[in-house]
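Chemist: sequence and predicted structure are below.
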Amino acid sequence: MSVDFDTKLSSLAAEILRDAVQAFDRDDIGANLIAASQMGMLAGPGNMTGTFSAVTGAFAATGSFAALTGSFPALTGAFATIGNEADEGVSLKKLFGLSAKLAPVRLLPPAQLARHARSAPLLGKLEALAGWLGRGRLVDSEDELSDADATEAARWVGVPRGYLPYLWEYALTAGWVELDDEPNSDRTWAVLGDTARRWADGDDSGALRVWAVIFAAVLSQALEVAASWDPDAARKLNFEGQGVVVAMMLFLARRAGLSLADVGDLVMEGTVGERPSSRARRAWDGWVRKHGDPARLLVSELSALGAVAVPERDGGVVELTRLAVWALREQVMRDGVKVPVLSTRMAEMSAASLVSMAEGVEEAEFATDFAAWVASRGPERAARELLSFAAFSRAQSRLVAVNLVRGIGVAAHRAWRDSMQRPELRGYARIALSMMAAELPRSTLPLAIAPDPDDLARVAGDLLELAFGESAPEPEEIASQFREAVPAGEELWIIDLMSHSSNPQIVQVLTVLGRRHPDRRIAKAARKAARRARR
């Protein structure tokens, strides 16, 4: 699952928990069931996509990767393995703490990806640079062109003179241009490299591999070139590796994307540190005033390569293109991380793949695919497959599957009724059947409508496991998540319900609440509940 996906899913669990409070009043079960049934059904397939807005909301950028930036010099070599046989460099899996398996992706056919690669404006500029270079040009001791040659090259390529250093550095880093020392001389020539020759071959596989290596060069060098314009100011900042951080965070955020502000925050925190000194912050502010926001430069360069789609208006998100998703998937797969590819045949897709897909594709695309998946097997069978998967899943996947079945609506009522036999799902089934009671024949209602404490404790436990996970959040964060998750006034009831369960995950959540929640009344209740649950 992608970064911050647990937090987004928690709002889905909170919605279910609020339904539980409405449907199962402790004092008057029958009256509340009637009131709940009069509220109507949950979202049907027609407006199902709205239920996923909580999952795909704006990604909250963090500074958790700021400490990694000092390790990135070798990453250019790691990314270069996309185009070369050598497998050197730092593992992205280790640096970013990636799990063994990430959410699946949907890829375009290679021929279509290659067409996108060839249409990238930046590759057109590199082709023009190769044409200017011809059989070779002399460079100085710093591996740079003379001022006259640089001016001529910029004119030939059709870029401002001040932009040529970016293009030149990408070419050198990617092996598009190579340096050849003249025998028995101190002269060095810049000549076409293997990358440029492979691009010129014209085959789709070569085009994709070359594009990926250029992608790596832009990620590693764009901000480094910017820093070279003002070495004194850059000395107080750390631009190294920030492009790789942004790319990986976009890959992990996947369809949620990052706003331009999020990208800016990532670059700033990586450049000055998570807790910057006043000196570092002044250096950053001075740089932005003088040279502009480095994040916008990076995004602009990636856009010219066809690696990201940039929002047309404020408030939109920056997203990786399918081409960049392909390239990053290739890289993390080399580092031992599995990233499945989604099938284009919806009828053949399993419920497990469908649940994983909910995170990996665009919201509108998923709604269409989900409708096709349900139509291929019928709503009742679709609901049964999803609930069977949910019964044996962790909280994260279970909540996605449950929410999908809720979206199917009344046609799933038999599947919900049969799932009452599964302890992991009984609480969800009671809530769902109660909320759609007005639409169902009396004979289909569950025999027992009173809440079972352990059933609802499982629902609450799923919710809070998503909110807290394995981490040790700050007390203020716990209080905020708990307020969002649990309806006001129902905190002690939910905690009491959870105390009746011996599920280890629920005990863990109660322990976290008891130790960390800043409200002493809630913390005390959670500690007592945890002790009862352990017995």
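Modeler: It's in.
Chemist: where's Arg417 relative to Ala437, distance?
Modeler: Look at Arg417 and Ala437: by CB to CB, to the nearest Å, they are 12 Å apart. Every C-beta, even on glycine, is put in place using the N, C-alpha and C of the backbone.
Chemist: actually Lys524, not the one I typed
Modeler: Per CB to CB, Lys524 is found 37 Å from Ala437.
Chemist: and if you look at Lys125?
Modeler: Distance of Lys125 to Ala437, given as CB to CB: 64 Å.
Chemist: just Ser277 next, same as before
Modeler: Separation of Ser277 from Ala437 (CB to CB) stands at 61 Å.
Chemist: more crowded one of the two?
Modeler: Counted by other CB atoms under 10 Å, Ser277 and Ala437 do not tie: Ala437 has more neighbours, with 22 against 11.
Chemist: what about Ala525, neighbour count?
Modeler: Neighbour count of Ala525, defined by other CB under 10 Å: 22.
Chemist: and what of Val272?
Modeler: Val272: 23 surrounding residues under other CB under 10 Å.
Chemist: sticking with the residue nearest to it when sequence neighbours are not counted, tell me its helix or strand.
Modeler: Leaving aside its sequence neighbours, Val272 sits nearest to Ala280 (CB to CB, 6 or more residues apart in numbering; 4.2 Å). Per DSSP states H and E, Ala280 falls inside helix 278-291.
Chemist: and that helix, which residues are buried?
Modeler: 280, 283-284, 287 (16 or more other CB atoms under 10 Å).
Chemist: geometric centre of this protein: which residue is closest?
Modeler: Centroid-nearest residue in the chain, with CA atoms, centre = their mean: Ala253, separated by 1.6 Å.
Chemist: in which helix or strand would I find that residue?
Modeler: Here Ala253 is covered by helix 242-253, with elements defined by DSSP H and E.
Chemist: please report how far the residue nearest to Lys236 when sequence neighbours are not counted lies from Met268.
Modeler: Nearest non-adjacent residue to Lys236, counting by CB to CB, 6+ apart: Ala283, 3.8 Å away. For Ala283, the distance to Met268 (CB to CB) stands at 11 Å.
Chemist: between those two, which contacts overlap?
Modeler: Common contact partners of Ala283 and Met268 (CB atoms under 8 Å, 6 or more residues apart in numbering): none.
Chemist: what distance do you get for Gly134 to Ser119?
Modeler: Separation of Gly134 from Ser119 (CB to CB) stands at 25 Å.
Chemist: so what's Leu297 up against?
Modeler: Leu297 makes contacts with 222-223, 226, as judged by CB under 8 Å, 6+ apart.
Chemist: any idea which element the closest residue to Ala352 other than its chain neighbours lies in?
Modeler: Distance criterion CB to CB, 6+ apart; nearest residue to Ala352, sequence neighbours excluded, is Phe389 at 5.4 Å. Per DSSP H and E, Phe389 falls inside helix 379-391.
Chemist: if we can go back for a sec, can I get the helix holding Ala253 in PDB? Just the C-alpha atoms.
Modeler: What follows is helix 242-253, C-alpha atoms only, in PDB (Å, rounded to 0.1, in the frame of the first residue of the first chain):
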ATOM      1  CA  GLN A 242      16.200  15.600  -3.600                       C
ATOM      2  CA  GLY A 243      15.000  14.700  -7.100                       C
ATOM      3  CA  VAL A 244      15.100  11.000  -6.300                       C
ATOM      4  CA  VAL A 245      13.100  11.600  -3.100                       C
ATOM      5  CA  VAL A 246      10.400  13.500  -5.000                       C
ATOM      6  CA  ALA A 247      10.200  10.700  -7.600                       C
ATOM      7  CA  MET A 248       9.900   7.900  -5.100                       C
ATOM      8  CA  MET A 249       7.300   9.800  -3.000                       C
ATOM      9  CA  LEU A 250       5.300  10.400  -6.200                       C
ATOM     10  CA  PHE A 251       5.600   6.700  -7.000                       C
ATOM     11  CA  LEU A 252       4.400   5.700  -3.500                       C
ATOM     12  CA  ALA A 253       1.600   8.200  -3.500                       C
END
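Chemist: returning to that earlier point: for the residue nearest to the centre of the chain, give its distance to Ala103.
Modeler: 11 Å.
Chemist: please apply the same query to Arg135.
Modeler: Distance of Arg135 to Ala103, given as CB to CB: 48 Å.
Chemist: for those two, indicate the residue with more neighbours.
Modeler: A count of neighbours by other CB under 10 Å puts Ala103 above the other of Arg135 and Ala103, at 20 against 7.
Chemist: next, that one: phi, psi?
Modeler: phi -60, psi 150 (degrees, to the nearest 10).
Chemist: same question for the one 5 residues further on.
Modeler: When quoted as degrees, to the nearest 10, the phi and psi of Leu108 stand at phi -80, psi 160.
Chemist: and Leu179, that's in a helix?
Modeler: No - secondary structure of Leu179 (DSSP: H, G, I helix; E, B strand; the rest coil): strand, not part of a helix.
Chemist: in the stretch 251-400 of the chain, where is pLDDT below threshold?
Modeler: The model of the stretch 251-400 of the chain has pLDDT under 70 over residues 255, 313-315, 343-344, 359-362.
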